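**Q** Could you look at this predicted model? Sequence included:
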2 protein chains.
Amino acid sequence: MFEIAELGRKVSEASFAAEEPGLHTALLQAQFALRDAKVPVVVIVAGVEGAGKGAVVNCFHKWLDTRGVETRPLWDETDEERERPAFWRFWRVLPPQGVIAILFGSWYTHPIADRAERRIDRDAFERRMRRIAELERLLTDDGVLIVKLWFHLKKKQQRKQLKRDVKAGVASPHIETHVRHYKRYWAAAEQAIRLTDDGIAPWHIIEAKNARYRDLAAGRTLLAAMEKRLDDLDERVAPPPMAAPPMTPPSSETPTILDTVDLNRRLSSKRYEKRLERHQNELRRLAWEAHAQGRNTVMVFEGWDAAGKGGAIRRLTAGIDARLFRVISVGAPTDEEQAHHYLWRFWRHIPRSGYMTLYDRSWYGRVLVERVERLATVEQWARAYQEINDFEEQLAEHGVILMKFWLHISPDVQLERFHSRQRRPWKQHKLTPDDWRNRERWEAYRAAVHDMVARTSTVHAPWHLIGANDKQAARIDIIETVCDRLSEALD
Amino acid sequence: MFEIAELGRKVSEASFAAEEPGLHTALLQAQFALRDAKVPVVVIVAGVEGAGKGAVVNCFHKWLDTRGVETRPLWDETDEERERPAFWRFWRVLPPQGVIAILFGSWYTHPIADRAERRIDRDAFERRMRRIAELERLLTDDGVLIVKLWFHLKKKQQRKQLKRDVKAGVASPHIETHVRHYKRYWAAAEQAIRLTDDGIAPWHIIEAKNARYRDLAAGRTLLAAMEKRLDDLDERVAPPPMAAPPMTPPSSETPTILDTVDLNRRLSSKRYEKRLERHQNELRRLAWEAHAQGRNTVMVFEGWDAAGKGGAIRRLTAGIDARLFRVISVGAPTDEEQAHHYLWRFWRHIPRSGYMTLYDRSWYGRVLVERVERLATVEQWARAYQEINDFEEQLAEHGVILMKFWLHISPDVQLERFHSRQRRPWKQHKLTPDDWRNRERWEAYRAAVHDMVARTSTVHAPWHLIGANDKQAARIDIIETVCDRLSEALD
């Protein structure tokens, strides 16, 4: 694979000078056109040590308008990053629409080094490559242009270059290992490229021996990728026809998973108070225990309007030291959020080790309100199930304790609560025209909830369906479930 | 001071039930009105251990619409926080316009604990209180409403409460020290309150023995503060008349600091190439050395349009390993940035230990373009000098190596460069109608630059005025200065 980058290609000073202005102008034009088209671009600058990746980044800074470029070194991890699922640090640096992010180091850096230095075995390595492929697929589906550049040097050339660096006192850490394990790095890199080199985010291998050749080739490759995307936009290439998504037809006659929820359970106030207090005390202990063990916890609350999410969350958090949790109420996105993949705004708030995040509404909005109200295209919400499963699997792999609740009520109870909200001044703000509109789409939501549970209730992230016609019973169910899940998960 | 919160006040269950609905409704109304008026609110929940601060936060969650509330536990620091100036973590959690941030723990927590446990002396403590007063002043000036609540318990009551917590297994860490050092905490807290209790952000001391009294008092206090602000907004209270800011009159006849810059220096290409390479190599070593020593570096580049900032930055970064720096090109703010104090977007990018941030344009926009174009009011830009000095002093105190460059050219050289930009396709994007407009205001900018240097060139953050009529000479000046400053600062 790397042989194609060992041909000894060169560019003379004169040819470089002749070609550069045109390349420079064309790159700028492409950048501005992609900015106007709101396309985010991710440029991955990877390759062997000593290949001059930094010099290439500097060329890009020269050729592009730096006001639309964010260069992100992804090298050593901070503890805030280590304390969260591995991809959190990458989500942090994804570019918004219209911006070019140059990643110096990337999601490939650690897996390749870990494999080359035998910290992980082949299976673990391939699993990490699968995760990367998922991420690149997700971004590409969302319109991100990914350009992956690999800069190659032969072993002898690398050794020569690195000797020079060491002599100049500018060698970066870990250089020794790279030289000693050239072959292992070579093999791991080849494997990484092979496993992630697909039509949506292909790799470009560039010979790095001659600096002028290297820089021009990098510039040309980036330009070609940007121009290709612009052509595609012009032609408005239709996405490949998709199989109809397996949808539950919205009809009150089709039974759905929600019909299995017992809505008749009741709890007396006396028993409620007693059990609530007991569970809150238990939860307080468990939350501190999770903190001590460094476990992250994520809870998701979804449900019908007026099902009692807010009240249930408050009874829950009354049992958690306020230092240990955050509640994220999901409303309209900010423009920074709007300019990213829809999962970005949720990744932002993933807790670090020992802390809890409670989402009052969540990423499931994509397959609920956005599906029903047609705010997302069919393609978008249909692929969201898998994106969500992948996301939650990443949380689970990191050891995050993940709980998802759907609060279910019957339509007549909802109506009653709407009316009660209208009567009480301190509850009126909770009732909006949206609520009445959503109510009219009850059947469509019912179908969407059914599909959601069918497709995203997994071993590591099961849905808990809570009968909430009686608020007190629902609150106890929830806090009990949380305590049980925490007890199970903690040592 | 705390005697007023030892009176044994109580609220009966019945009075609580009678008052709560009205308080709840009024708080919601005030919240919505402040949201519409785009006022950010910071609620500081502080006080002795065991006073039930978490329960108060929970009440606020119940009484307010949580979609507009962000609760932020500020307790233990992460390394990303420790590696930056102390206030970075607070800037991180400041609310945007229209949002209420409840800070559980705050900028008071660590100084009080450090003083009570004798980790810092009285002088250091007072210095930290001064920093806090500066921050609160800055936020208040910017329209933030700050509500500071201190919950008090007598020594005996605290001991009783904490015993109960320990028994229930829910005691938080460090409780022992609090009990043992009650008096010292008491003294440090009193001192903190005394030093930061002013008209713009007064403290409210609340008796915490009786939970119902405590919660109602907290709610009422918050409500009163919010309603007061709403009244002020209605009456459009004029700010106190300010003394005319000491401005340099914009006139070509007044000599300014810029007239001291030598614009006639020239450098031959041969000498330029040689010196550039030498300095880049030196810089490469120094950047790694700074990394090894964990020193953060911040560089600010300002200058006339077409003065050559971008080119100088590129020559500089060519001498720094791409893993170690980020360039922030300051353009139009995002809406999240727009909804905060103008310094917020710069705090965001302050580097952590061992890294460098280069700002291509910076916070000085406030006293340059925003002053000249009247984008900021006179009050806003006039107080910005001090805000900036305070900000930079905080960087310096943390050990950040801070460098500021103004690239100076003459009007005729600028005109020449504008014309040359028009001629070259890859430079045309650099010339905008703004540039021509700014050029017409040359005198006004000249005066603004003079004032800026006069008021913000300090021992820890001097301005370097660079003659840039000859680009090559300017680049060498800059890289030499950077190398010198780094060498000086490193051990």
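**A** Yep, it's here. Residues are numbered from 1 along each chain as shown, chains lettered A, B, ... in the order given.

**Q** Helices along the stretch 51-200 of chain A, start to end?
**A** Taking DSSP state H, counting those that start in this stretch, the helices of the stretch 51-200 of chain A run over residues A:53-63, A:79-82, A:88-92, A:109-116, A:122-141, A:155-168, A:175-180, A:182-196.

**Q** So is the shortest one next to chain B?
**A** The reference is to helix A:79-82. Yes - using C-beta under 8 Å from any C-beta of the partner chain, we find that helix A:79-82 touches chain B at A:79-80. C-beta coordinates here come from the backbone N, C-alpha and C atoms, glycine included.

**Q** in that helix, what's buried?
**A** For helix A:79-82, burial by neighbour count (16 or more other C-beta atoms under 10 Å in any protein chain shown) applies to A:80-81.

**Q** Same question for the third one.
**A** Neighbour counts using 16+ other C-beta under 10 Å place A:88-91 of helix A:88-92 among the buried residues.

**Q** And the last one, by the same measure?
**A** Judged by neighbour count (16+ other C-beta under 10 Å), helix A:182-196 contains these buried residues: A:182, A:184-186, A:188-189, A:191-193, A:196.

**Q** Next, the distance between the ends of stretch A:432-448.
**A** In terms of C-alpha to C-alpha, to the nearest Å, the two terminal residues of stretch A:432-448 are separated by 21 Å.

**Q** How far away from the center of its chain is it?
**A** 28 Å (C-alpha atoms, centre = their mean, to the nearest Å).

**Q** The residue lying closest to A:Ala168 once chain neighbours are set aside: helix or strand, and which one exactly?
**A** Once flanking residues are discounted, A:Ala168 sits nearest to B:Asn281: 5.9 Å by C-beta to C-beta, 6 or more residues apart in numbering or on different chains. Assessed by DSSP states H and E, B:Asn281 sits inside helix B:269-293.

**Q** Distance from the next helix-or-strand element following that helix to the middle of the chain?
**A** Next in sequence after helix B:269-293, counting helices and strands by DSSP H and E, comes strand B:297-303. Remark: strand B:297-303 is offset 17 Å from the chain centroid, using C-alpha atoms, centre = their mean.

**Q** got the angle for strand B:297-303 vs helix B:269-293?
**A** If you take axes from the mean of the first three to the mean of the last three C-alpha atoms, to 10 degrees, strand B:297-303 sits at 140 degrees to helix B:269-293.

**Q** touching chain B at all, the worst-scoring helix or strand of chain A on mean pLDDT?
**A** When the helices and strands of chain A are scored by mean pLDDT, DSSP states H and E, helix A:175-180 comes last with a mean of 77. No - residues of helix A:175-180 contacting chain B under C-beta under 8 Å from any C-beta: none, with a closest distance of 11.8 Å.

**Q** what's the closest of the buried residues of helix A:182-196 to A:Arg229?
**A** A:Thr196 (19.1 Å; C-beta to C-beta).

**Q** OK, contacts around that closest one?
**A** Going by C-beta atoms under 8 Å, 6 or more residues apart in numbering or on different chains, A:Thr196 touches A:108, A:129, A:132-133, A:136, A:148, A:203.

**Q** what do you get for A:Lys430?
**A** Contacts of A:Lys430 by C-beta under 8 Å, 6+ apart are A:306, A:310, A:421, B:65.

**Q** on that earlier part again, show me which of the contacts of A:Thr196 is closest to chain B.
**A** Nearest to chain B among the contacts of A:Thr196, counting by C-beta to the nearest C-beta, is A:Tyr108 at 14.9 Å.

**Q** Surely the closest one is in contact with A:Leu74?
**A** No - proximity of A:Tyr108 to A:Leu74 does not meet the contact threshold set by C-beta atoms under 8 Å, at 9.7 Å.

**Q** Show me which of the two is the more surrounded one.
**A** Neighbour totals were compared for A:Tyr108 and A:Leu74, and A:Tyr108 leads with 24 against 20 (other C-beta atoms under 10 Å in any protein chain shown).

**Q** Please settle this for me: is A:Leu407 part of a strand?
**A** Yes - assessed with DSSP: H, G, I helix; E, B strand; the rest coil, A:Leu407 lies in a strand.

**Q** Mind listing the residues bridging to it?
**A** For A:Leu407, the beta-bridge partners are A:Gly303, A:Ile466 (DSSP bridges).

**Q** Does it touch A:Ala306 like I think?
**A** No - judged on C-beta under 8 Å, A:Leu407 makes no contact with A:Ala306 at a distance of 9.5 Å.

**Q** List the buried residues for stretch A:220-231?
**A** Burial within stretch A:220-231, assessed by neighbour count using 16+ other C-beta under 10 Å, is assigned to A:220-223, A:225-227, A:229-230.

**Q** Is chain B within reach of it?
**A** No - legend: contact between stretch A:220-231 and chain B by C-beta under 8 Å from any C-beta is lacking; minimum distance shown is 12.6 Å.
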